[in-house]
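**Q** quick one: sequence plus predicted model below, questions after.
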Amino acid sequence: MLWQGDSLEIRGKKGDFLQVYDHRHERAGYISASQARRQKLTPEAAPELLAVLRFLKDTPGSESLGIAYAAAYLRAAPAEAIDGEVFDALTALSDRLARRAGAGRPGKAGEATAAHLDVAAAYGIVMTAVERDGQIRLCSDGEAPRRVLALPSTETQKANAALSLTRHDCLSPRLTPTERYALDEWRAEVLDRVVLQGLPEVLKNRLHLRKAGVWASLAYQRARRTGSGDATVQDAGRRARDELAAVNTGELMESDVAAYNDAAVRVGASRWAELPAAEMRKGTLNVRTRSGQPGETCVELYDGAHEASPPLASRCTYGIVWTASASAHPQGKGLTLAVQPLDTWREMWVFRQGGDGWRVDVVPPSLDTGEAGYIEFAGWVPGTGELLAAREAKRDGRHQVGFEVLSLASLETKKQADKPGNLTAFYRWQDPAWKTATVAVR
């Protein structure tokens, strides 16, 4: 069984049949001459091969055939004629084939995709499987886009190569913190090499969105190494926000809306990184941090009027504690704090006073395990024992955003809406500092 892109060595001809040898299957035999297209692998034939490759690059479903023509062109063309164009086409073809394989189509379509992957592998296109949240995603090994960056290429080709090399969904969850930090630094460097001037607005937007996500992740990784108050952490957080703000929403394509929301969630999760650590304030509730077990940070709640007293409550975490986010209730009934256990996940800790003393509860962005998300304090409602919160999360590939009124006593949602203006309490009592800095309203 032969598939598009399979190459055969012609060893003779008999009537309407070609005598061939299939190196991939190590089999010899005959094939009808009408079922194959004969190509000469000579320098004179290189322009024709390149012309066909240019057509197949943008033809969905013909990825393995396009990869075969790219391999034929590389064999036929003289070394001095090879530039980044052929590897740009290989990048587009291999990425599209990987996405098609990840779609998991049943029946004959799935069988054909699996066969096309085998054909691509015969030409040296390596796909790696990345498992995340119980799902398997195929990603190319990045050899083709790296060659685009190394060879003479146009800025558009370099931009597409950088986007292929820095995909978020192709990051292995098995990377150690040191490996992930080094990879994020490298991703940021690759993206910064691309010159934006002269690029189409659509491509500029995609680069800004990718940069926003990478710098948001880098802010978290740097905070794990140096602490939340370090200047390099603040620079990364500020860069993430600026890249998101640089997106031209008027030129945002419908196909990029999901990427825009994903970038906003990532930036929102790390948005406290750009602010310095908060200092103790007298006369109100405050939090202090201390080291716990190796890699652990413990948060202690104090009454600012009695700093020498034992802490009112404490809790430890392996996440990043953003002390600048601490917001105390005007009457001292509670305090909220942002804690980020993952680069794409930020929780809200609520210290509150009950009948049996002080306690601390964790409010997650989503009730079940989502792909990414954050929840943040948005204001206190005077005289009601309620607080305002904004959530934004990505679940099962869908983006969700909501604005809620929570009970401080039970942390139950009393009211919610998809826009802050649809809640009277939100409209009247949202915190000005939250409204200025949040990315939930954009």
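**A** Yep, it's here.

**Q** residue 340 belongs to a strand?
**A** Yes. If the criterion is DSSP: H, G, I helix; E, B strand; the rest coil, then residue 340 is within a strand.

**Q** going forward can the numbers begin at 10, since that is how I track them
**A** Okay, using 10 as the starting number, the last item reads as residue 349.

**Q** isn't it up against residue 280?
**A** No. Taking contacts as CB atoms under 8 Å, residue 349 lies outside contact range of residue 280: 9.9 Å. The way it works is simple: take the backbone N, C-alpha and C, and place the C-beta from them, glycine included.

**Q** which element follows whichever strand or helix holds residue 274 toward the C-terminus?
**A** Here residue 274 is covered by helix 266-278, with elements defined by DSSP states H and E. Helices and strands here follow DSSP H and E; after helix 266-278, the next one along the chain is strand 294-300.

**Q** buried stuff in that following strand?
**A** Across strand 294-300, burial judged by 16 or more other CB atoms under 10 Å covers 294-296, 298.

**Q** which stretches of the protein aren't confidently modelled?
**A** Under the criterion pLDDT under 70, the flagged ranges of the chain are 113-116, 142, 287-292, 314-317, 378-379.

**Q** okay, which residue is most central for it?
**A** residue 177 (3.3 Å; CA atoms, centre = their mean).

**Q** how close does that one get to residue 221?
**A** If you measure residue 177 against residue 221 using CB to CB, to the nearest Å, the figure is 11 Å.

**Q** which residues of the chain fall in helices?
**A** Under the criterion DSSP state H, the chain contains helices at 55-66, 72-85, 93-111, 116-131, 152-159, 164-174, 186-201, 210-235, 240-254, 266-278, 433-438, 441-446.

**Q** and these as TSV, adding distance to residue 41?
**A** Supplementary listing: the helices of the chain in TSV, determined by distance: least, CB to CB, whole Å:
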stretch	distance to residue 41
helix 55-66	21
helix 72-85	18
helix 93-111	27
helix 116-131	19
helix 152-159	33
helix 164-174	38
helix 186-201	47
helix 210-235	44
helix 240-254	55
helix 266-278	45
helix 433-438	71
helix 441-446	68
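
**Q** in JSON lines, list these along with distance to residue 143 and mean neighbour count.
**A** Conversion of the helices of the chain to JSON lines gives the following (distance: least, CB to CB, whole Å; neighbours: other CB atoms under 10 Å):
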{"stretch": "helix 55-66", "distance to residue 143": "33", "mean neighbour count": "18"}
{"stretch": "helix 72-85", "distance to residue 143": "26", "mean neighbour count": "24"}
{"stretch": "helix 93-111", "distance to residue 143": "13", "mean neighbour count": "23"}
{"stretch": "helix 116-131", "distance to residue 143": "19", "mean neighbour count": "16"}
{"stretch": "helix 152-159", "distance to residue 143": "28", "mean neighbour count": "20"}
{"stretch": "helix 164-174", "distance to residue 143": "25", "mean neighbour count": "21"}
{"stretch": "helix 186-201", "distance to residue 143": "21", "mean neighbour count": "16"}
{"stretch": "helix 210-235", "distance to residue 143": "22", "mean neighbour count": "23"}
{"stretch": "helix 240-254", "distance to residue 143": "28", "mean neighbour count": "20"}
{"stretch": "helix 266-278", "distance to residue 143": "19", "mean neighbour count": "23"}
{"stretch": "helix 433-438", "distance to residue 143": "36", "mean neighbour count": "16"}
{"stretch": "helix 441-446", "distance to residue 143": "35", "mean neighbour count": "13"}
